[in-house]
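J.: Below are the sequence and a predicted model for it; my questions follow.
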Amino acid sequence: MSDPKTSQYSAAAPAFARLVAQHLVMKPYIWSALTVNLHGLRNLDDLKPPFVVIANHSSHLDAPLIYGSLPRRLSQNLAAATAGDYFFNSWYKALPTKLFFNSFPVVRQGHANRNGQRGLAAKLVNDGVPILIFPEGTRSRTGAMANFTPGAAALSISRNAPIVPIALVGAYAAMPYGATVPVPGRPHVHVVFGRPLRATPGETANHFAERLHRYVVELHDSTARAYGMPTQADFARAVALRSAAARADQAADGAVRAEPESASGPETSPAPADQQIPLAADETVVRLEPPDEIVPLSPPEPVVPLEPPDSTDSDQA
């Protein structure tokens, strides 16, 4: 028998309201603003609830892309774990979040235990409700993936529910942190479904979470390389360069502030003619002559872009 606290997440009336909201409002808007490419849907052919969906998280587009890309039989009651301290701290944020994503509040690590409900995810899975978790815990500010927390892995192990890994490629560029709408031009975004995974016998939640992280990175990067988009290594390199530049600026600024006014010493002037060192008898002054003609450099050869592989499994939404 369903828990009264969880029955609302699989009830028929809210499910119908979500169907209308998602397919008449959310999906038409997102699919008109982006060019959405789907990969690996055949990995979901034998999937049945309950299961746990995980994905990298770098944009407010992530949840709409996942709900709009999943087959209806799998997304109908999919419940998204959302930050209770952010999405449930006011009715005007909680209402649309529940309407579109069947969301439930969770307590984020390092945040006040306000509005979140511990243990609700496990109760939902017990009642056959599939759930969506972003195991990084928050959106990436840079596009680079953080390590996965072990919560989703532990839930999968304790409830014997498979994990459905998803890689979202291009969502950060389409709507980065701080943006309120997608960038113009219908940028390409790829939703890549991996094969459902379970922990191996005796595998700990931490080890399983690390394995899931590596798998999602590989899903992301293999697709990114095929379509000429930034990989996770590219994002990490950009973060490192920005961090190094910021540290250099801070060091230079501190050196300027710490430098005494007399550090440069008194101004100097050329020695008088009678004190200048004369040339030796066998020394001559060599004067540089300007070149007869300046030859301009030729422009570089044009770069020929690589074509994506023909065998890419892509279903255009």
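T.: In hand now; what should we look at? Numbering: from 1, shown residues only.
J.: And whichever strand or helix holds Tyr29, what's buried?
T.: In this structure, Tyr29 is located in helix 27-33 according to DSSP states H and E. Neighbour counts using 16 or more other Cβ atoms under 10 Å place Lys27, Ile30, Trp31, Ala33 of helix 27-33 among the buried residues. Yep, even glycine has a C-beta here, placed from its N, CA and C like the rest.
J.: now for that helix, which elements pack on it?
T.: In terms of contacts (3 or more Cβ pairs under 8 Å, 6 or more residues apart in numbering; DSSP states H and E), helix 27-33 is packed against helix 62-69.
J.: Output the helix it packs on in PDB, but only the C-alpha positions, please.
T.: Provided in PDB are the C-alpha atoms of helix 62-69 (Å, rounded to 0.1, in the frame of the first residue of the first chain):
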ATOM      1  CA  ASP A  62      18.800  20.100 -17.800                       C
ATOM      2  CA  ALA A  63      15.500  19.000 -16.200                       C
ATOM      3  CA  PRO A  64      13.300  20.100 -19.100                       C
ATOM      4  CA  LEU A  65      15.600  18.300 -21.600                       C
ATOM      5  CA  ILE A  66      15.400  15.100 -19.600                       C
ATOM      6  CA  TYR A  67      11.600  15.100 -19.200                       C
ATOM      7  CA  GLY A  68      11.100  16.100 -22.800                       C
ATOM      8  CA  SER A  69      13.400  13.400 -24.100                       C
END
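J.: now the helix or strand just after it: mean pLDDT?
T.: Moving toward the C-terminus from helix 62-69, the first helix or strand encountered (DSSP H and E) is helix 72-75. What helix 72-75 shows for mean pLDDT is 96.
J.: List the buried residues in helix 72-75.
T.: Under the neighbour-count rule (16+ other Cβ under 10 Å), helix 72-75 has Leu74, Ser75 buried.
J.: and it, C-alpha only, in CSV?
T.: Listed next in CSV are the C-alpha coordinates belonging to helix 72-75 (Å, rounded to 0.1, in the frame of the first residue of the first chain):
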residue,chain,number,x,y,z
ARG,A,72,6.2,9.1,-21.9
ARG,A,73,5.9,5.7,-20.2
LEU,A,74,9.1,6.5,-18.2
SER,A,75,8.6,10.2,-17.5
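J.: Check what contacts it and list those residues.
T.: With contacts defined as Cβ atoms under 8 Å, 6 or more residues apart in numbering, helix 72-75 is touched by Leu19, Gln22, Leu44, Leu47, Pro49, Phe51, Ile66, Tyr67, Pro130.
J.: can you give me how far that helix is from the chain middle?
T.: 24 Å (Cα atoms, centre = their mean, to the nearest Å).
J.: pLDDT (mean, whole number) over the helix or strand following it?
T.: Sequence order places strand 79-83 as the next helix or strand after helix 72-75, per DSSP H and E. Confidence over strand 79-83, taken as the mean pLDDT, stands at 92.
J.: again, but for stretch 101-112
T.: Rounded mean pLDDT across stretch 101-112 is 78.
J.: buried residues in stretch 165-178?
T.: Pro165, Ile166, Ala167, Leu168, Val169, Gly170, Ala171, Tyr172, Ala173, Ala174, Met175, Pro176.
J.: got it, and stretch 68-83?
T.: Per 16+ other Cβ under 10 Å, stretch 68-83 contains these buried residues: 68-70, 74-83.
J.: if we look at stretch 233-249, which residues are touching it?
T.: So stretch 233-249 is contacted by Thr142, Gly143, Ala144, Met145, Tyr172, Asp221, Pro230 (Cβ under 8 Å, 6+ apart).
J.: Same question for stretch 195-213.
T.: Outside stretch 195-213, the residues that reach it (Cβ under 8 Å, 6+ apart) are 40, 43-44, 47, 51, 54, 135, 145, 147-150, 152-154, 156-157, 160, 162-165, 215.
J.: Give me the most central residue, this protein.
T.: For the chain, the residue nearest the mean C-alpha position is Ser58 (3.1 Å; Cα atoms, centre = their mean).
J.: Surely that residue and Val169 touch.
T.: No - judged on Cβ atoms under 8 Å, Ser58 makes no contact with Val169 at a distance of 9.9 Å.
J.: Of the contacts of stretch 195-213, keep whichever come out buried.
T.: For these, buried by 16+ other Cβ under 10 Å: 40, 43-44, 47, 51, 54, 135, 145, 148-150, 152-154, 156-157, 162-165, 215.
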